[in-house]
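S.K.: predicted model and sequence below, questions to follow.
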Amino acid sequence: MQFLIEKISHHVEEAFASAGYDASYGKVTLSNRPDLCEFQCNGALAAAKQYRCAPMNIASSVVAALENNAVFTSCEAVMPGYLNFTLREDFLAQYLTAMAQTEQFGLPKEENPRTIVVDYGGPNVAKPLHIGHLRSAIIGESIKRLYRYFGNKVIGDIHMGDWGLQMGLIIAEVQERMPSLPYFDPNFAGEYPKDAPFTISQLEEIYPAASAKSKVDEEFARKAHEATRLLQEGEKGHRALWNCIMAVSVADLKKNYANLDVDFDAWLGESDAQPYIEPMMDAVTSRNLVTESEGALVVQVQEETDTKEIPPCILRKSDGATLYATTDLATILQRERDFAPDKILYIVDKRQSLHFEQVFRVARKAELLRPETELEHIGFGTMNGKDGKPFKTREGGVMRLERLIGEITDFVRGKITENQVVTDDEVDETARLIAMAALKYGDLSNQATKDYVFDMDRFAAFEGNTGPYLLYTIVRVKSILGRYGKEAECVIRPATNKEEKNLMLVLSRFAEQLTIAYRQSAPHLICAYLYELSGAVNKFYHETKILAEPDEEKQAGYVALMSLAKNVLEEGIHLLGFTAPEKM
Ligand code: ARG
C-alpha cells in the first residue's frame, strides 16, 4: 500500500499541476500546528520564487483546484501562502480498512530482498553472560526481526568467542585440577567419556581462576599457551576436551538466550573461522598488502582522507599467534562462501569501532567479498548505573545477566501480586513477560549509540514511556474486546470524535514509521511510534464509552478500530522482541 502521506501528496501535486504550477511543489507533510490542521504544504512559498508571484495567489488557486475533492474536508490558504488540510473521515476510514485487511498492514516490503547476516550476541564460551552482552542480544534481535519483516533473508549468527587463549587457559586449569583425565594422556586410544568432567557452574569458576593465575604464574601461563597450541593443531585429547567445554557451555547459552526470547539461526563461532584463516592470509598476501613489522604481519589501512590515525591491522603476531582481527577477517570469507550475503551487520559495543574499521578496510583491499556487499558496524553505548558508571552489582562486581533478569522479574512479580488481577499460576509467566518488556524497551527506546542509565523503577513502571505501559495498553484493549463478546469487524467506520480521529491518524502512519526505522536500522524509532500510538489509544479509551455505546453500528466501529490498534501494537512489540500477557 502507498503511505497515506504519499496518497495525499499525490492529490495536492495534481492540484498544483492543474493550477498551472509544477507538481513537485505539492508535497504534503504532517502539520506542525495540529491545533490548526492535520496536514500542511509549504509548496506555494517555494513556487512563488520560481513563478515570481505572490505565494498567496498560488495557494488560493491550488485550493480552488481542490474543490470537491474526495480527500479533504477542508483546504485552506493562509498567510503568507501556507496550505492547511484536514482529512475527510470517510477517506481515512477507507484507508484504515484497507490496512486492516492487508498483510502486514499494507507495509511495502523490499522489492529486491537482500541476504543479510546479523552478527550479534557474541558471548564468550565458558564465561558467564554479563550485561555487556545484553545490549547486543536485545538490539540485534530487534534489528534481525525488522530486516526480516521487510522481506529480507536474515541470518542471525551468534558468533561465539570459542577459540584461542581463553580455551587454552581452561584446558590448562582442568589439567592441573584433574591430571588423570584421559584427555591429557597422549597414548590414550579408547573412546573419551561422553559426559563432561565439569558442570557449567564449575566451568564458570574455572575460567576466572585460570585467567588470574596466568597473570602471576609464568609456568602456568606457558602451559596455557601450550594447550592453546595443541588445541589449534587439532591434538585429539585437547580437541575432545574442547568439545566437552562447548557442549556444556552452549547448552547453558541456549537456555539463557531462550529466556530472553533471543534466537539465532547460526550457532557459529570463532572456531568455525579457523579453516578460513589460511585462504584469507593467501588473499591478503597475493595482493601484496602485507608488510612485516617487528616480526608481525600487518596490513596498512591508513588512507589519505583520514582525519585521525588508523593504526595498521595486525594479522599475525611474531610468535605466530593470530588475533581477533584475523578471526573476523576469516569469518568474512566463511560467510561469503556459506551465505553470499549482500550485507553483514555487526551489533557490537562501540568501543570496538576501530577494530571494525580496520577489519572492513582489509576486507575491501583483499577483496574478501563482492564490492557491493555492505559491511556495517552498529556500535552501541554502555548501560550505566545511576552513578553514571558501567552498571555493577551492589557489591561492585560484574552483574550477571541471569541475576539482572532475576531481580527485575522479582520486582515486577511484587507489583502484579499486589494488583491481584493475575491468578497464582499465571504470576510467574506474566512477571517474566513484563520484565522482558521493561528490560528490552528500556534499552531499545534509546538510540543505540548512546549510553543509558538502567533504572528499574522507571523501566518497570506501568505508566510513562516504558515497555510495561505498552503491554498495559494492549491488555486493556484485549479486555474490551473480550467483554464486547463478538468478533471484531475488519471494517473501520468514519471517526465520530476528535480522539477517534487522532487515533486513526496515528495508526495510518504505521508503515511509514516502520520504513524509516528500517532504513536507519533504528529500533528506537519503533519505540517512539508505539509509545505515541499507545497514548492515542488510551486517550480514545478514556474519552469514549465503548461498551456502553447504545448505537450498535457506532460501537462496532469503535471495536474495529480498537482491534486494529491492538494488532498493530502487538506486531510492533514483536519487532522489539517481547510479547504481551493476557492480563496484568
Ligand atoms: N566475543 C566478543 C566480545 O565479547 C564479541 C564478538 C563480536 N562479533 C565479532 N564478529 N567480533 O567482545
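M.R.: Good, I have the coordinates.
S.K.: and R476, what element?
M.R.: Per DSSP states H and E, R476 falls inside helix 467-484.
S.K.: what's the answer for E205, then?
M.R.: For E205, the host element (DSSP H and E) is helix 200-216.
S.K.: distance from the chain centre to that helix, please.
M.R.: On the basis of CA atoms, centre = their mean, to the nearest Å, helix 200-216 sits 33 Å off its chain's mean C-alpha point.
S.K.: next, the buried residues of it.
M.R.: For helix 200-216, a neighbour-count test (16 or more other CB atoms under 10 Å) marks 200, 203-204, 206-207, 210-211, 213-214 as buried. Bear in mind the C-beta positions are built from the backbone N, C-alpha and C, glycine included.
S.K.: can you name the residues of the stretch 101-250 of the chain that neighbour the ligand?
M.R.: For the stretch 101-250 of the chain, the residues in contact with the ligand (CB under 6 Å from any ligand atom) are 119, 122, 124, 159, 161.
S.K.: and the third one, what are its phi and psi?
M.R.: Same thing as N124. Note on N124: backbone dihedrals following degrees, to the nearest 10 are phi -110, psi 130.
S.K.: same check, this time on the fourth one
M.R.: Summarising the backbone geometry of H159 under the convention degrees, to the nearest 10, its torsions are phi 40, psi 70.
S.K.: quick check, pLDDT for whichever residue of the chain sits closest to the ligand.
M.R.: For the chain, the residue closest to the ligand is G122, as judged by CB to the nearest ligand atom, at 3.0 Å. Confidence at G122, expressed as pLDDT, is 96.
S.K.: same check on the one 5 residues further on?
M.R.: Looking at K127, its pLDDT reads 84.
S.K.: quick one on the thing from earlier: who wins on neighbours among the residues of the stretch 101-250 of the chain next to the ligand?
M.R.: H159 (28 neighbours; other CB atoms under 10 Å).
S.K.: turn the buried residues of helix 200-216 into TSV, columns for pLDDT and distance to D410.
M.R.: Below are the buried residues of helix 200-216 laid out as TSV (pLDDT from 0 to 100; distance: CB to CB, whole Å):
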residue	pLDDT	distance to D410
I200	92	22
L203	92	26
E204	89	22
I206	94	29
Y207	92	28
A210	96	33
S211	94	31
K213	96	35
S214	96	37
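S.K.: what helices and strands are in contact with the helix holding E205?
M.R.: Under the contact criterion of 3 or more CB pairs under 8 Å, 6 or more residues apart in numbering; DSSP states H and E, helix 200-216 touches helix 165-177, helix 218-233, helix 236-259.
S.K.: tell me the angle it makes with helix 218-233.
M.R.: Counting by axes from the mean of the first three to the mean of the last three CA atoms, to 10 degrees, helix 200-216 lies at 120 degrees to helix 218-233.
S.K.: and the contacts of helix 200-216?
M.R.: Helix 200-216 is contacted from outside by 126-128, 166, 169-170, 172-174, 177, 198, 220-221, 224, 245, 248-249, 251-252, using CB atoms under 8 Å, 6 or more residues apart in numbering.
S.K.: buried ones among those?
M.R.: Buried among the contacts of helix 200-216 (16+ other CB under 10 Å): 126-128, 166, 169-170, 172-174, 198, 220-221, 224, 245, 248-249, 252.
S.K.: which parts of whichever helix or strand S9 is part of are buried?
M.R.: For S9, the element it lies in under DSSP H and E is helix 4-18. Across helix 4-18, burial judged by 16+ other CB under 10 Å covers 4-5, 8-17.
S.K.: returning to what we had before: just send the helices and strands packed on helix 200-216 back as JSON lines, with mean pLDDT too.
M.R.: Converted to JSON lines, these look like this (pLDDT from 0 to 100):
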{"stretch": "helix 165-177", "mean pLDDT": "95"}
{"stretch": "helix 218-233", "mean pLDDT": "94"}
{"stretch": "helix 236-259", "mean pLDDT": "95"}
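S.K.: so which of the ones you listed is the most surrounded?
M.R.: Across the helices and strands packed on helix 200-216, the average number of neighbours (mean count of other CB atoms under 10 Å) peaks for helix 165-177, which reaches a mean of 22.
S.K.: strands along the stretch 1-150 of the chain, start to end?
M.R.: With DSSP state E, counting those that start in this stretch as the criterion, the stretch 1-150 of the chain has strands at 29-30, 39-41, 72-78, 82-87, 115-119.
S.K.: given the second one, what are its sheet partners and their directions?
M.R.: This means strand 39-41. Take DSSP bridges as the rule and strand 39-41 pairs in its sheet with strand 29-30 (antiparallel), strand 82-87 (antiparallel).
S.K.: can you add mean pLDDT, distance to the ligand and mean neighbour count and give those back as a markdown table?
M.R.: Converted to a markdown table, these look like this (pLDDT from 0 to 100; distance: least, CB to the nearest ligand atom, whole Å; neighbours: other CB atoms under 10 Å):
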| stretch | mean pLDDT | distance to the ligand | mean neighbour count |
| --- | --- | --- | --- |
| strand 29-30 | 96 | 39 | 12 |
| strand 82-87 | 96 | 47 | 22 |
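S.K.: and those strands: which comes nearest T97?
M.R.: strand 82-87 (14.6 Å; CB to CB).
S.K.: give me the contacts around the closest one.
M.R.: 8, 12, 28, 31, 33, 36-45, 59, 62-63, 71-78, 505.
S.K.: that strand versus strand 72-78: what angle between them?
M.R.: Using the same axes, to 10 degrees: strand 82-87 against strand 72-78 is 170 degrees.
S.K.: now strand 82-87 - C-alpha only, PDB.
M.R.: The C-alpha trace of strand 82-87 is given here as PDB (Å, rounded to 0.1, in the frame of the first residue of the first chain):
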ATOM      1  CA  TYR A  82       0.600  28.100   3.500                       C
ATOM      2  CA  LEU A  83      -1.900  25.300   2.700                       C
ATOM      3  CA  ASN A  84      -3.600  23.700   5.600                       C
ATOM      4  CA  PHE A  85      -5.500  20.500   5.200                       C
ATOM      5  CA  THR A  86      -7.900  18.400   7.200                       C
ATOM      6  CA  LEU A  87      -8.700  14.900   6.100                       C
END
